[in-house]
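Undergrad: One predicted model, sequence on top.
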Amino acid sequence: MKHRRFLTALVAAGAVLLGACAQGTETRGDDGSGAGAGSGATLTLNGDRADFVPAYEAAGAKLAEITGSGIRARNVPSTENYQQVIRSSLQTSSTTDLIKWWSGYRLQDLAQTGGIEDLSAEWDAAVEKGWVNPETEASFSYDGKVYAMPMYKSYWVIYYNKQVYADLGLSVPTTWDEFLGNAEKIKKAGITPLFATQEAGWTSFIWFGEILSKLDPDFYVRLMNGEASYTDPTAREAMEIWADLYARGYFTAPDTAWDNEPALFAEGKVAMVPMGTWRNAIFVENGLTEDDYGAFILPMVKEGTEPSVIVESGIFAVPKNAPNKDAAKKALGEWLNPEVQKAWVEKINDISANPSVGIENPLLTSVTEQVGEAKPTELERYWEASPPALIEGNVQDLAAFMVDPTPANIDGTLQRMQDRADTEWAKWKGRE
């Protein structure tokens, strides 16, 4: 399978109490030696996903059997606050043993601080055992060294309500015209075809990234790498398509609460939802089964264009000041062990980063089968695709566009995004 990468970025902002990251007594090894502890430690981990805590515990139990070290996870409710916690504590004795982060440029940004450990040896061992796809290495690396291990592998898909589709006699679309046709029939039935919101901040990029990646994957890669311009015709065409979908009345209101999305989808008030396969967990928790919903990869806008799919992966890294640094590195060396991964993916209801670990969930099986059949180019999602400050600002511009998604608002939005790109790429290259 082809795999295109353009290293990544994520939004960071907010202020929190550093005490949320304070090291507890459980972070010391059996001998009390701190960073030198090699086993027998309970590894602390801060994260921003409360729904992952049971999965951390399940995977941690397997890690404890294999390495002697389990995981004690703590959740910071806000993603923005979480990022500030990690950045504020990374260079101090308050850091945890493991940190959850993001791949690509966001990881590079963290690695440039000198605050995280080189995991190249652990990565190479995983590759040798067949536990990870070596083609994905660039997403977890900086300056020739690997600094992270992948948490999962999520494909970005369109979830669809099967009851709505059945009631309206719709089939899963295989072309862009069929996708639009379905949306029109759904709208005429009094149901909102597509979910979209800027209420959660980061969610503002979703439709821009999806449409652009389905319009021209090669341009998407070049734009993310700073090799193309937001004012180029292809970017403008993507915005025009997005504006047209709004003009047709296909989207939810831009201020629709992100937390309401699962219920709206389950109740059939919204027929289709764009999201990574990691979102599958919330649908399962809400009681949906394979009879209630399915997923498909959004068709390419123009027939004959090389197929693509957006992929994301969270990561685990080890701070240099981790109280149990050696034990943490040893645990990450076994993180992709099939025994650990089976326990992990069973709880998160997503796809393992270890290609040898199978999936029992019917929806996820369907997605991997679609990927296997189409063999799409894999693209990192917009959220992780360029320097952090560039993404942060552009997400705000895209959120503003969603409030006024008209053709008259396109050029100004794209120009602001490109002006920021010029500034932030210059800053980023100056740091290298």
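TA: Here it is on my side, so go on. Residues are numbered from 1 along each chain as shown.

Undergrad: List the buried residues in the helix or strand bottoming out on mean pLDDT in the chain.
TA: Across the helices and strands of the chain, mean pLDDT, DSSP states H and E gives its lowest value to helix 79-89, namely a mean of 85. For helix 79-89, the buried set under the neighbour-count rule, 16 or more other CB atoms under 10 Å, comprises Thr79, Glu80, Asn81, Tyr82, Gln83, Gln84, Val85, Ile86, Ser88, Ser89. Where you see a C-beta, it was placed from the backbone N, CA and C, and this is true even at glycine.

Undergrad: Rebuild the residues you listed as a markdown table, extending it with distance to Asp419.
TA: Below are the buried residues of helix 79-89 laid out as a markdown table (distance: CB to CB, whole Å):
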| residue | distance to Asp419 |
| --- | --- |
| Thr79 | 26 |
| Glu80 | 24 |
| Asn81 | 29 |
| Tyr82 | 29 |
| Gln83 | 25 |
| Gln84 | 26 |
| Val85 | 31 |
| Ile86 | 29 |
| Ser88 | 30 |
| Ser89 | 34 |
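
Undergrad: From Asp397, how far out is the spatially most central residue of the chain?
TA: Centroid-nearest residue in the chain: Glu312, 4.1 Å away (criterion: CA atoms, centre = their mean). For Glu312, the distance to Asp397 (CB to CB, to the nearest Å) stands at 21 Å.

Undergrad: Over to Thr67?
TA: Relative to Asp397, Thr67 is positioned 45 Å away (criterion: CB to CB).

Undergrad: now swap in Met300 and tell me
TA: For Met300, the distance to Asp397 - CB to CB - is 26 Å.

Undergrad: SS state for Leu45?
TA: strand (DSSP: H, G, I helix; E, B strand; the rest coil).

Undergrad: Which strands or helices does the least confident helix or strand of the chain pack on?
TA: Where contact means 3 or more CB pairs under 8 Å, 6 or more residues apart in numbering; DSSP states H and E, helix 79-89 is packed against strand 42-47.

Undergrad: Compare Thr67 and Asp397 (neighbour count), which wins?
TA: Thr67 (23 against 20; other CB atoms under 10 Å).

Undergrad: Now do the same contact list for that one.
TA: By CB atoms under 8 Å, 6 or more residues apart in numbering, Thr67 lies in contact with Ser39, Ala327, Lys330, Ala331, Gly333, Glu334.

Undergrad: rerun at 6 Å
TA: Thr67 is in contact with Lys330, Ala331, Glu334, counting by CB atoms under 6 Å, 6 or more residues apart in numbering.

Undergrad: how about low-confidence regions in the chain?
TA: Per-residue confidence of the chain (counting by pLDDT under 70) places the weak regions at 1-40, 432.

Undergrad: Pull the number of nearby residues for Lys342.
TA: For Lys342, the count of nearby residues is 19 (other CB under 10 Å).

Undergrad: before we move on, which element is it in?
TA: Secondary structure here is read from DSSP states H and E; on that basis Lys342 sits in helix 338-348.

Undergrad: Against Phe179, how distant is Ile158?
TA: Between Ile158 and Phe179 the distance, using CB to CB, works out to 8 Å.

Undergrad: Not counting its own residues, what contacts the helix ranked longest in the chain?
TA: Of all the elements of type helix in the chain, the one with the most residues (DSSP state H) is helix 410-431. With contact meaning CB under 6 Å, 6+ apart, helix 410-431 is reached by 226, 229-231, 235, 239, 387, 389-390, 393-394, 397, 401.

Undergrad: 8 Å - rerun?
TA: With CB under 8 Å, 6+ apart as the test, helix 410-431 has contacts from 105, 112, 226, 229-231, 235-236, 239-240, 243, 386-387, 389-390, 393-394, 397-398, 400-401.
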